[in-house]
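Q: I'll drop the sequence and a predicted model, then ask my questions.
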Amino acid sequence: MVAEFHKKIKEAFEVFDHELNNTVDVREIGTIIRSLGCCPSEGELQDLIAEVEEEEPTGYIRFEKFLPVMTKVLLERRYRPVPEDVLLRAFEALDTAKRGFLTREELIKHMTEEGEPFSQEEMEEMLSAAIDPDSNSMNYKDYITMMVIDE
């Protein structure tokens with residue numbers, strides 16, 4: 001199991017190790033972690049980065065530091081994606097008119113006014129993936145199907 005995780009982590013890390021020197025830009029860490037099927041919140045991601053960063057933050061993360069921490073995360077099944085039915089209930093709660101979709105404006109409102117606010121970049125990324133350009137809205141059942149990773 002651990003060997004399998006090590007292989008997956010190494011492969012994900014290498015995609016972003018542009019210099020081939022066993023380091024990646026600290027800003028790529030979130031993408032690497034998500035590509036391994038984990039969905040940490042922004043706060044959890046910052047904690048994880050703090051754990052793997054050098055004593056003096058250099059802006060880079062070394063593979064030797066990242067590997068044991070990430071292996072532990074995978075072994076403990078931390079930051080698992082939210083199950084499909086929970087996501088669906090969350091979207092249905094936002095869709096008070098029970099139309100089966102949310103407009104771009106409604107989505108932006110929820111993403112900026114509720115809970116932990118999304119960064120502009122995160123918001124653009126989600127909107128471009130979720131919004132149907134023809135209707136300018138998001139059919140959330142389709143979006144959830146696309147988002148959920150089958151175990």
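A: Perfect, I can see it now.
Q: ranges for the helices of this structure?
A: Counting by DSSP state H, one finds helices in the chain at the ranges 2-16, 29-35, 42-52, 63-75, 84-94, 104-113, 120-130, 140-147.
Q: among the ones you listed, which is nearest Asn22?
A: helix 63-75 (4.2 Å; CB to CB). C-betas here are computed from N, CA, C, even on glycine.
Q: how about the helices of the chain in TSV, adding mean neighbour count?
A: Formatted as TSV, the helices of the chain follow (neighbours: other CB atoms under 10 Å):
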stretch	mean neighbour count
helix 2-16	14
helix 29-35	18
helix 42-52	15
helix 63-75	17
helix 84-94	13
helix 104-113	14
helix 120-130	13
helix 140-147	15
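Q: would a markdown table of the ones you listed with mean pLDDT be doable?
A: Below are those laid out as a markdown table (pLDDT from 0 to 100):
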| stretch | mean pLDDT |
| --- | --- |
| helix 2-16 | 94 |
| helix 29-35 | 91 |
| helix 42-52 | 92 |
| helix 63-75 | 95 |
| helix 84-94 | 88 |
| helix 104-113 | 87 |
| helix 120-130 | 84 |
| helix 140-147 | 81 |
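Q: can you lay out these as a markdown table showing distance to Thr23?
A: A markdown table is the format used below for the helices of the chain (distance: least, CB to CB, whole Å):
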| stretch | distance to Thr23 |
| --- | --- |
| helix 2-16 | 9 |
| helix 29-35 | 11 |
| helix 42-52 | 11 |
| helix 63-75 | 7 |
| helix 84-94 | 35 |
| helix 104-113 | 33 |
| helix 120-130 | 23 |
| helix 140-147 | 30 |
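Q: if I look at the closest residue to Tyr140 other than its chain neighbours, how far off is Glu105?
A: The spatial neighbour of Tyr140 that comes closest, neighbours along the chain excluded (CB to CB, 6 or more residues apart in numbering), is Phe91 at 3.9 Å. Distance of Phe91 to Glu105, given as CB to CB, to the nearest Å: 16 Å.
Q: domain ranges for this protein?
A: By the assignment in automatic domain parsing, the chain contains the domains 2-75, 84-147.
Q: what is the end-to-end distance of stretch 30-41?
A: The first and final residues of stretch 30-41 sit 10 Å from each other (CA to CA, to the nearest Å).
Q: then stretch 58-69?
A: From the first residue to the last, stretch 58-69 extends over 18 Å; the measure is CA to CA.
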